[in-house]
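K.L.:
I would like to see how this sequence folds:
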Amino acid sequence: MDGRVEFIGEYVEVIGHSDPSIQGISGLIINETRETLMIKTEDGKKTVSKRPAHFLFKNGDIIGKKVAYRPQDRIKKVKS
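P.N.:
Numbers count the residues shown, from 1 in each chain. Now for the predicted structure:
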């Protein structure tokens, strides 16, 4: 997946994280900051830090530290 696309509205699954309790969280991304993704899950909203995470999107996977920018900056900076 290309890190330059808009994440809000995308379905995502956390396939790796330094906090084992966060692994396996999945749902729609409803907000994004420089350091976090807010995911709407069946159990409510979860905020997941990007840097220690490995995310799986419909079109591929992304290592969180490579997209730890503000959304408007990430779209300009992240290389395919």
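K.L.:
CA only for contacts and neighbour counts going forward, please
P.N.:
OK.
K.L.:
confirm T47 sits in a strand?
P.N.:
Yes. Counting by DSSP: H, G, I helix; E, B strand; the rest coil, T47 is found in a strand.
K.L.:
report the buried residues of the lowest-mean-pLDDT helix or strand in the chain.
P.N.:
Least confident helix or strand, the chain: helix 71-77 with a mean of 81, by mean pLDDT, DSSP states H and E. Within helix 71-77, the residues that qualify as buried are P71, R74, I75, counting by 16 or more other C-alpha atoms under 10 Å.
K.L.:
ditto for stretch 25-38
P.N.:
Neighbour-count burial for stretch 25-38, counted by 16+ other C-alpha under 10 Å, picks out I25, S26, G27, L28, I29, I30, E32, R34, E35, T36, L37, M38.
K.L.:
so which of these are in strands?
P.N.:
S26, G27, L28, I29, I30, E32, T36, L37, M38 (DSSP state E).
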